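Novice: Below are the sequence and a predicted model; questions follow.
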Amino acid sequence: MHLIEFPREVLLGENLKSEVKNVARRLNLGERVLVLYGPKTKEIAGKEVELDLKDAFDVHSLTVWGPYMKEVEKVEKKILDLAIEWVVAVGGGSIIDVAKLASFRANVPFVSFPTTASHDGIASANASIKDLGAKTSVKARPPIAVIADVRVIKTAPHRYLAAGVGDVISNITAVRDWKLAHKIKGEYFSEYAAALSLMSAKMVMKNADVIRLGNEDAVRKVVKALISSGVAMSIAGSSRPASGAEHLFSHALDMLASKPALHGEQTGVGTIIMAYLHGINWRKIREALKRVGAPTNAYELGIDPEIIVEALTIAHTIRPERYTILGRDGLTKEAARRAAEITGVI
Ligand SMILES: NC(=O)C1=CN([C@@H]2O[C@H](COP(=O)(O)OP(=O)(O)OC[C@H]3O[C@@H](n4cnc5c(N)ncnc54)[C@H](OP(=O)(O)O)[C@@H]3O)[C@@H](O)[C@H]2O)C=CC1
Ligand SMILES: O=C(CO)COP(=O)(O)O
Ligand SMILES: [Zn+2]
């Protein structure tokens, strides 16, 4: 059986920090809440959300230090020890992923309160968590509610919004890879999930000139694309419609680079290269990324070109079960260098 779950409420608007308690009351989430934030997102919105909830609930809080399994275990323990009834995650993709998996394991609902529009995990059902080696995608449950405050999200530097575009543009090559895996390996393929995923990518490309302005309208456009991309993953029952070889390349960079760039920045650059390998219009993808102000090469990512080449050669080993354009053997060093040079990435 394939169970598809969606958020019950999605709020997108201004000044929503005080809406968390209304959502919790409407959805009858219970008295004891755990607020999760990171060291930065605590200051950006976390503390305010926590303070506002204190009027109405028994509030506990915890700082999360990245998308690691030990953080998931720490949060899960706290939920169980304190008999927490629901969780709210105030942060970027890492905090939301930890909240998603820990609340799923402890069987309590969680509310997603994104502080950036940099990733499409805001409403998805899967969590990307690092344990040993590279990140793995773990099945969990989508948030019961998403509260996207455009004013909070707009406080993030522009590169975060551009990274969100990079994460959604990835859907173009991710869906190509998925189709390939369906044809070659007989993997399950959902046409509906693929269509929704591609539509999200097309919308950000079409609206690139609005998004580059970075105003509230831009934030709304990107958040909607990120949410629909997350829903596509929930329908698929995996991250397949939004994560292909371009994501494997990004995961490889996370392992190899001394200072990786943002997830969506890396997947955007990966999409240019994988689109070239698929023989589709990579120039159009690069142009859209340029228009929104996202990086399109090694220099702009702040990553050594040799690390880019190495990441391309090891990407296929990161999740061998995920068949992509890189095949089982991956790229040779020469092929990797050629693809990166032709596309202007190095
Ligand atoms: N589950 C899924 O479907 C998906 C998961 N992901 C995952 O999401 C993660 C990427 O998320 P991303 O948001 O890019 O990165 P992070 O969540 O890792 O955040 C990066 C940094 O940005 C800070 N930050 C958050 N909000 C703001 C803000 N408003 N202004 C300034 N700084 C801010 C964070 O603060 P602090 O230190 O306080 O946290 C952190 O230091 C990756 O781990 C990726 O694998 C991505 C796509 C889909
Ligand atoms: O980042 C994702 C989609 O944007 C999904 O994550 P994985 O690459 O970990 O499956
Ligand atoms: Zn992603």
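Specialist: Structure received. Ligands and ions are numbered 1, 2, ... in the order given.
Novice: check contacts around the closest residue to Gly330 other than its chain neighbours.
Specialist: In space, and not counting its chain neighbours, Gly330 is closest to His316: 3.6 Å by Cβ to Cβ, 6 or more residues apart in numbering. All C-beta atoms are positioned from the backbone trio N, CA, C, and that covers glycine. Going by Cβ atoms under 8 Å, 6 or more residues apart in numbering, His316 touches 245, 248, 324, 326-331.
Novice: so which strand or helix has His316?
Specialist: His316 belongs to helix 305-318 when elements are defined using DSSP states H and E.
Novice: can you pick the most crowded of the contacts of His316?
Specialist: Ala245 (31 neighbours; other Cβ atoms under 10 Å).
Novice: For Gly327, see how far away that one is.
Specialist: 10 Å (Cβ to Cβ, to the nearest Å).
Novice: residues in the stretch 151-300 of the chain within reach of ligand 1, list them.
Specialist: 155-156, 163, 167, 233, 239, 262-264 (Cβ under 6 Å from any ligand atom).
Novice: hmm, 8 Å instead?
Specialist: 152-153, 155-157, 160, 163, 167, 230, 233, 239, 242-243, 250-251, 262-264 (Cβ under 8 Å from any ligand atom).
Novice: Please apply the same query to the stretch 1-150 of the chain.
Specialist: Close to ligand 1, as judged by Cβ under 8 Å from any ligand atom, the stretch 1-150 of the chain has residues 37-42, 44-45, 64-67, 91-97, 100, 114-116, 118-121, 124-128, 130, 135, 137.
Novice: Sketch out the low-pLDDT regions of the stretch 1-150 of the chain for me.
Specialist: Within the stretch 1-150 of the chain, no stretch has pLDDT under 70.
Novice: Distance to Ile308 and secondary structure added to the contacts of His316, as CSV?
Specialist: What follows is those, written out as CSV (distance: Cβ to Cβ, whole Å; DSSP: H, G, I helix; E, B strand; the rest coil):
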residue, distance to Ile308, secondary structure
Ala245, 14, helix
Leu248, 13, helix
Thr324, 17, coil
Leu326, 15, coil
Gly327, 19, coil
Arg328, 22, coil
Asp329, 19, coil
Gly330, 14, coil
Leu331, 12, coil
